[in-house]
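Chemist: Structural data only, the sequence is not supplied:
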């Protein structure tokens, strides 16, 4: 009979973490600049009626989300979901978003310098020791919400807890302008009521696999043993076991060693067909994804570099609300950028794909126990 050596869980509840998540950030910035859009379904994406159906939704405001529009959706799909008299497409203005994000981060630094940015619109703050010498974390979070609103005219939601996972989940719990605290004694009850897709690492394939096993919520997940989860899902299985019990020891880190990962190739003779470009985008995407996997990171921005035989160079980027990691998804998004901006008339001398806005994967590099 085999025996599984269970990894003991270590609860560290002394830290105080705030996760700040701007509410529909890009769309909210656009509405701030154009107040007449406030009651419209605002979708930040190129208008597919002007791009031959191309384009991907970067984000959408809450009016559009009520119709089912979400980030990474083809912009053409939004046309099918939202009544035309309510729908407004707005092209992204990343310089403006970056400038606004900088204002928000200045406010973060008034409280603490232990800040881990995830993207332009969200960050973790460790306020266990802070510049205010304030032990009331709710007071700090409330000040941030009020100051961000005052300085930028934008709202944010905050999650407060003793670790990053719970703080992140809490910030999503009551949007927009929500403030949710998860204390150690209430963590497991809070997690039990979450849908399984709210847990880090549960993508569509794993969600389907868990559903097959009767797991639809955190409460269902809590019923599975550590051995069962690790044997079936390896490292992510152990991460789920930890998170379902409110355990996450990953620190808030303001050290980000690498800002981008990319690959590019030069072609002689130049590429002259859509099929050749598609093959090369697939090849570059596989290379980039392999490096992401080796570095255990993922990113939210895809950059496509195109140079033709006359050395004209075009560099275009697309930002997302979710992280990109797989070769298939990177290829899909790079291909959408190519469809919009690519031009074969002079042949393609160089293609490059880069993923930026990198962040470590949420699961740890664990040594799993042996079965005896």
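Modeler: Received, thanks. The structure presented is a predicted model; accordingly, all values stated were derived computationally and were not measured.
Chemist: Hmm, residue 25 and residue 60 touching each other?
Modeler: No - checked against C-beta atoms under 8 Å, the pair residue 60 and residue 25 is beyond contact range at 11.2 Å. All C-beta atoms are positioned from the backbone trio N, CA, C, and that covers glycine.
Chemist: For the two, indicate the residue with more neighbours.
Modeler: Using other C-beta atoms under 10 Å as the criterion, residue 60 and residue 25 rank with residue 60 on top: 28 against 24.
Chemist: Can you read off the pLDDT for the more buried one?
Modeler: Residue 60 carries a pLDDT value of 95.
Chemist: Next: residue 3.
Modeler: Reported pLDDT for residue 3: 59.
Chemist: so where do the helices sit in the stretch 151-300 of the chain?
Modeler: 164-171, 187-192, 204-212, 218-222, 226-244, 274-295 (DSSP state H, counting those that start in this stretch).
Chemist: Could you pull out the buried residues of the longest one?
Modeler: Meaning helix 274-295. Residues of helix 274-295 classed as buried: 276, 277, 280, 281, 283, 284, 285, 286, 287, 288, 289, 292 (neighbour count, 16 or more other C-beta atoms under 10 Å).
Chemist: what's the closest of the residues you listed to residue 19?
Modeler: residue 292 (23.3 Å; C-beta to C-beta).
Chemist: ok, that closest one to residue 205 distance?
Modeler: 18 Å (C-beta to C-beta, to the nearest Å).
Chemist: what do you get for residue 68?
Modeler: In terms of C-beta to C-beta, residue 68 sits 22 Å off from residue 205.
Chemist: Can you pick out the residue with more neighbours from these two?
Modeler: Using other C-beta under 10 Å as the criterion, residue 68 and residue 205 rank with residue 68 on top: 13 against 8.
Chemist: would CSV of the buried residues of helix 274-295 with pLDDT be doable?
Modeler: Output for those, formatted as CSV (pLDDT from 0 to 100):
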residue, pLDDT
276, 93
277, 94
280, 95
281, 95
283, 93
284, 96
285, 93
286, 91
287, 92
288, 94
289, 89
292, 86
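Chemist: okay, among the residues you listed, which ones form the most distant pair?
Modeler: Top of the distance list for the buried residues of helix 274-295 (C-beta to C-beta): 276 and 292, 24.7 Å.
Chemist: Near residue 204, how many other residues are there?
Modeler: When neighbours are counted by other C-beta under 10 Å, residue 204 registers 8.
Chemist: Would you quantify the distance from it to residue 237?
Modeler: In this view, residue 204 and residue 237 are 17 Å apart by C-beta to C-beta.
Chemist: Any idea how far stretch 28-48 is from the middle of the chain?
Modeler: Chain-centre distance of stretch 28-48: 21 Å, with C-alpha atoms, centre = their mean, to the nearest Å.
Chemist: and that stretch, which residues are buried?
Modeler: Neighbour counts over stretch 28-48 (16+ other C-beta under 10 Å) mark 28-31, 37, 40-48 as buried.
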